[in-house]
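Undergrad: Coordinates for the following, if possible.
(2 chains)
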Amino acid sequence: MFSLEGITNSIQNWLYQTFEPWFALTMECLIVILLAISLFAILGLVLVLMERKVAAHIQIRLGPNRVGPGGMFQTVADTIKLLMKEGLTPDAADKFLFNLAPFVVMIVAMLLLAPIAFAKGFQIWDINIGVLFISAVSSLSVIGILMAGWASNNKYSLLGAMRSGAQIVSYELSAGLSVLSIVVLTGSLRLSDIIASQENGWWLLKGHIPVIISFVIFLIAVTAETNRAPFDMAEAESELTAGFHTEYSGMRFALFFLAEYINIFIVCAIGATLFLGGWMPFHIGHWDGFNHIMDFIPSSIWFMGKTFFLIFLIMWFRWTFPRLRIDQLLELEWKYLLPISLFNLVLVTVMAIMGWHF
Amino acid sequence: MFLKEYISDVYRGVSSLLKGMRKTGYYFFHPKEIVTEQYPDNRATLHLSERFRGEVIMLHDENNEHACTGCTACELACPNGTIKIITKFDISPEGKKKKAIDTFIYHLELCTMCNLCIEACPTNAIKMAQNFEHSVYDRSKLTKKLNHEGSKIREGVE
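TA: Numbering: from 1, shown residues only, chains lettered A, B, ... in the order given. Next up, the predicted model:
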């Protein structure tokens, strides 16, 4: 049966048998870097195309359909166009920070890739504080955005960056609290433990209503954290031209654009890991026959399927819901999501102590 | 009381959002609802909606007769001078003089397709057609004569 774990293990064994340990480790690092970068490139192309197609079909349009079969190479053409363009730096900008900001945003997205389990035994770094690492690093991306907004020396950019700061700092709270409810149920911050605890059913299904509530809150909060509509205050095309990346052009703009989509993928991967069981196949309690059939589908396909389902859900949000004003945005967080998720966390804790979940 | 209002607020908000998602989800999973026309490819089967306005035309029947009496109601109704009617006097067999059109000039380049001339016409002599491929290399080609060569007014139209 196809499994990524077997491939990685055989590569590791071969490397350590053939070379010195330090050289083998360096080779492994290089392979991981190569994989991460190619994953980023492919995801950028696929997700932008998916977004445009989903948007088109929701708005009863066709979407891109001229470049390649069914418009498949539209995003490749767009990327080549962006690569060809001049990367302009404004005269009055803070040159160092201006050029650094897109890379900070990208590097934060790359760091988040480390603890995610893409398939059974296919994980870059299985740290024992995985969930904490994720929530700590994901709030770092605001630094890149603030840097871009400040260095552009443009009032629209600065306004967009400040809004983004307010937004990410506030929504980080309810995202963290909803993630905590799963940590409470599992009793571990390690992502592989969380996945293993869902062997007899995903938390979304066996955690009753409180977990469903925290799943919904998680979805809302990560939509806000990735600065997507209906929470796209940081970009706000209609009032701030393009928010924090108004002054960026060419490849640096493409990096911001790519980072947005990578972030969507990562938060959806985390959501899939915590609530939908990551690479764990769909298992129901003790139905051994059924569980055995489900095991035949490779774990990487399970993970990607769940992640792309969540990405589709977030795109569906974007093209359906009306945008919020900045004060309504903060009101939603502080008056609704935070109290509800605090109360919900108490419910989940009681449930975990009494053992009421399946 | 406050708590009750709070909960009903949340409930109403969530249910209205779900209603919206149901509608857009329906559109996503029903591709036959798509309204996009792939225009240059499907020129033959192009579907235009009924009320689409492309240009003003004058209706002529098989005897090359139209219903325009030359009353200039359309010319007066037009907000930007798109229509210019040149009239003449026909002599009827009984020797009576009767007003009739000589030339119905229509400046397509000025027309905003507002439909006011069609509404003003008392005899339904003109109507909006759906042809929209009006590109020409010379502006003077957009000034059109709507009544055909040698046409005359239909019997019985006053």
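
Undergrad: Number of residues surrounding the residue of the stretch 151-300 of chain A found nearest chain B?
TA: Using Cβ to the nearest Cβ, the closest approach of the stretch 151-300 of chain A to chain B is made by A:Val216 at 8.4 Å. The way it works is simple: take the backbone N, C-alpha and C, and place the C-beta from them, glycine included. Neighbour count of A:Val216, defined by other Cβ atoms under 10 Å in any protein chain shown: 16.

Undergrad: Sticking with it, tell me its helix or strand.
TA: Per DSSP states H and E, A:Val216 falls inside helix A:208-225.

Undergrad: So which bits of chain A are right by chain B?
TA: Contacts of chain A with chain B, taken as Cβ under 8 Å from any Cβ of the partner chain, map to A:54, A:57-62, A:65, A:316-317, A:319-321, A:336, A:340.

Undergrad: can you point me to the longest helix in chain B?
TA: The longest helix of chain B (DSSP state H) is helix B:2-29.

Undergrad: re the thing from before, how close does the residue of the stretch 151-300 of chain A closest to chain B sit to A:Ile264?
TA: Per Cβ to Cβ, to the nearest Å, A:Val216 is found 17 Å from A:Ile264.

Undergrad: Kindly report the same for A:Val142.
TA: To A:Ile264, A:Val142 is 16 Å away according to Cβ to Cβ.

Undergrad: between these two, which one's more packed in?
TA: Using other Cβ under 10 Å as the criterion, A:Val142 and A:Ile264 rank with A:Ile264 on top: 26 against 22.

Undergrad: The more buried one reaches A:Arg228, doesn't it?
TA: Yes. When contacts are counted by Cβ atoms under 8 Å, A:Ile264 is listed as touching A:Arg228 (7.0 Å).

Undergrad: tell me the pLDDT at residue 16?
TA: All of this refers to chain A. Confidence at A:Tyr16, expressed as pLDDT, is 81.

Undergrad: My question was about chain B, not that one.
TA: With respect to pLDDT, B:Ser16 has a value of 91.

Undergrad: how far away is it from A:Ala272?
TA: For B:Ser16, the distance to A:Ala272 (Cβ to Cβ) stands at 27 Å.

Undergrad: and if you look at A:Ser3?
TA: For A:Ser3, the distance to A:Ala272 equals 19 Å [Cβ to Cβ].

Undergrad: Look at those two and report which has more neighbours.
TA: Higher neighbour count among A:Ser3 and A:Ala272: A:Ala272, with 25 against 15, using other Cβ under 10 Å.

Undergrad: quick one: the closest residue to that one other than its chain neighbours from A:Ile107, how far?
TA: Leaving aside its chain neighbours, A:Ala272 sits nearest to A:Lys306 (3.8 Å; criterion: Cβ to Cβ, 6 or more residues apart in numbering or on different chains). Distance, A:Lys306 to A:Ile107, by Cβ to Cβ: 26 Å.

Undergrad: A:Lys85 too?
TA: With distances taken as Cβ to Cβ, A:Lys85 is found 23 Å from A:Ile107.

Undergrad: same thing with B:Asn42?
TA: When distance is defined by Cβ to Cβ, B:Asn42 is 48 Å away from A:Ile107.

Undergrad: Comparing those two, which residue is more hemmed in?
TA: Comparing B:Asn42 with A:Ile107 by other Cβ under 10 Å, the one with more neighbours is A:Ile107, at 15 against 10.

Undergrad: which residues of chain B fall in strands?
TA: B:55-58, B:65-66, B:83-91, B:97-107, B:126-129, B:143-145, B:152-153 (DSSP state E).

Undergrad: ditto for chain A
TA: Using DSSP E, strands in chain A cover A:117-119, A:122-123.

Undergrad: could those go into CSV alongside mean pLDDT and mean neighbour count?
TA: Putting those into CSV (pLDDT from 0 to 100; neighbours: other Cβ atoms under 10 Å in any protein chain shown) gives the following:
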stretch, mean pLDDT, mean neighbour count
strand A:117-119, 82, 21
strand A:122-123, 79, 20
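
Undergrad: would a markdown table of the ones you listed with distance to A:Trp302 be doable?
TA: A markdown table is the format used below for the strands of chain A (distance: least, Cβ to Cβ, whole Å):
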| stretch | distance to A:Trp302 |
| --- | --- |
| strand A:117-119 | 8 |
| strand A:122-123 | 12 |
